[in-house]
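# need a structure here:
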Amino acid sequence: MTLEEFLKKNPKFRRLSSVPRMNELYDFLTTNLTAFRMKEITEKRRPALAAVARTLEKDFHDGKAGKNGMNFSGTKQNILLKMFIGAVISCVMRERGYVKAMNKNLNSGESEFFRAGTLYVKCESLQEQKERADKFWIAYNVGEKVIEILENWPQISADKFNPHTVQIRRPLQNNAFDIWPFSAIIEKYYNSKFFISTLQLIIELERQHPGITALSELKLVHPCWNAADDAYSFMLMIMNNLPDYVRQKGIKLDSALIAFTYDRFMSLGLETQELNDKMPESILWRITRPAADGLSTMKKVLEPSRDEWWSKLFDEFGLMNRVREVLKADAVRAEGEIAPLYMSLYHLAIEIGRSEAISDHVSFVNLFKELARRIWYGEAPDIEIDFISGRHVDYLTYNYNFLTCPAKYIPIFKYNS
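As a prediction, the model looks like this:
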């Protein structure tokens, strides 16, 4: 491609046509020798620009040229000139099968006037990306790090941030579920058995090991609805490798999914990014722990807390049967899935509220209080209650309802057929 052809495809650079030696600059950047040097330095995990920056500054930079010349320092015109160099390098690398990965700073030995350049990676097939991810998994002991997080999740405090690590936005506070005796029971019998989503694991990995996601050079989250997407992700690496890892180590691991809809996700914050965890693409995990036999204790604590008015309404509206219908329908749809299917309290309440006998809204708190009480009291043996950790979660959305969640946990339910 000639310079004229390049400017036709990239008209924003045409105003540089009057800059002296533009043809020479373009020819230098597109020679086979320059391309070889850029490929060579790319293999060393350095920006392609680092291979040519010193030559550009020595052979082309004219500090006396001012804003309209071949000057790489200052002014908007010079910034456009640097953008032109980056665009030409991108074209050269793309023609040789490389794609952009990330921006990376140049060090002082590589350049005086260029502060950063693009790091390129070889355009790989999905299988090649997976193989590279598997090597990263082993080389950086990702499995060991993930299991350490899962084992110590109850002790991980959201308040103990190292100021030099990633900062996580606090979830919206809602203490409605922190009501006696439920919060005490959850803390005692479930705190060490919270499910954790794959994305929550990734965020915690990044918090404890800053830069690990970037080091992998993988996309962070797999796009759930784009079946044609050919990029492997950090999320897929965990979901594909963790089950084999725990089998090899003799670790017992529970996994689960969340009831599926096209407009349901959890929103989590990682620095300035908003990440949508669209399960069941993202699996829930927890270390298998022995069940605490506290049924008799639960009964003693729960019975005095019974709300007669709400229990009566619960029966009059047939909410127990409605709960079973909703959960059973999802259990049928889940046949053949890789893990048990759960539905969160919020989504369950909205689904129940669609009944003609009930208005559009069922109180999350009242539903939770009565349903949890009946399950724990042994009145609903076909329904199981568990919890997802609420850490890092900003909100959930379901059928265009944006739902804030408690800071500590998200109640989930499943039907045992």
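
# Pretty sure Ile202 sits against Ile212.
No. With contacts counted by C-beta atoms under 8 Å, Ile202 stays clear of Ile212, the gap being 9.1 Å. All C-beta spots, glycine's among them, are computed from the backbone N, C-alpha and C.

# between the two, which one's more packed in?
Between Ile202 and Ile212, counted using other C-beta atoms under 10 Å, the more crowded position is Ile202 (26 against 17).

# which residues touch the host helix or strand of the more buried one?
Following DSSP states H and E, one finds Ile202 within helix 198-208. For helix 198-208, the surrounding residues in contact (C-beta atoms under 8 Å, 6 or more residues apart in numbering) are 142, 145-146, 149-150, 156, 161, 165-166, 168, 212-213, 220-221, 234-235, 238-239, 266, 268, 270, 275, 277, 282-285, 389, 391-393.

# out of the residues you listed, which are inside strands?
Met266, Leu268, Leu270, Leu275, Asp277, Leu284, Trp285, Ser389, Val393 (DSSP state E).

# Can you tell me which of those is nearest Ile350?
Set against Ile350, the nearest of the ones in strands among the contacts of helix 198-208 by C-beta to C-beta is Met266 (15.1 Å).

# got a list of what that closest one touches?
Ser197, Leu199, Asn276, Asp277, Met279, Val393, Tyr395, Leu396.

# same question, Phe234
Counting by C-beta under 8 Å, 6+ apart, Phe234 touches Ala133, Ile202, Thr213, Ser216, Leu218, Lys219, Leu220, Val221.

# isn't the last one right up against Ala231?
No. Using C-beta under 8 Å as the test, Val221 is too far from Ala231 to be in contact (10.2 Å).

# Between the two, point out the one with more neighbours.
Using other C-beta under 10 Å, the more surrounded residue of Val221 and Ala231 is Val221, with 22 against 14.

# any idea what sits nearest that one, other than its immediate chain neighbours?
Spatially, and ignoring its direct neighbours in sequence, Val221 is nearest to Met235 (5.2 Å; C-beta to C-beta, 6 or more residues apart in numbering).

# Show me the strands in the stretch 1-150 of the chain, by range?
With strands called from DSSP state E, counting those that start in this stretch, the stretch 1-150 of the chain shows them at 98-105, 116-122.

# Just say which of these is most tucked in.
strand 116-122 (a mean of 20; mean count of other C-beta atoms under 10 Å).

# what's in contact with that strand?
Contacts for strand 116-122 (C-beta under 8 Å, 6+ apart): 42, 45-50, 53, 86, 89-90, 93, 97-106, 217.

# mind redoing it with 6 Å?
Contact partners of strand 116-122, identified using C-beta atoms under 6 Å, 6 or more residues apart in numbering, comprise 42, 47-49, 93, 98, 100-106, 217.

# With respect to Arg247, which of those is nearest?
For the contacts of strand 116-122, with Arg247 as the reference and C-beta to C-beta as the criterion, the closest is Glu217, at 27.2 Å.

# any idea which of the contacts of Met266 is closest to Ile375?
Leu396 (21.1 Å).

# Distance from the chain centre to the host helix or strand of that closest one, please.
Assessed by DSSP H and E, Leu396 sits inside strand 393-398. Mean-position distance between strand 393-398 and its chain equals 14 Å (C-alpha atoms, centre = their mean, to the nearest Å).
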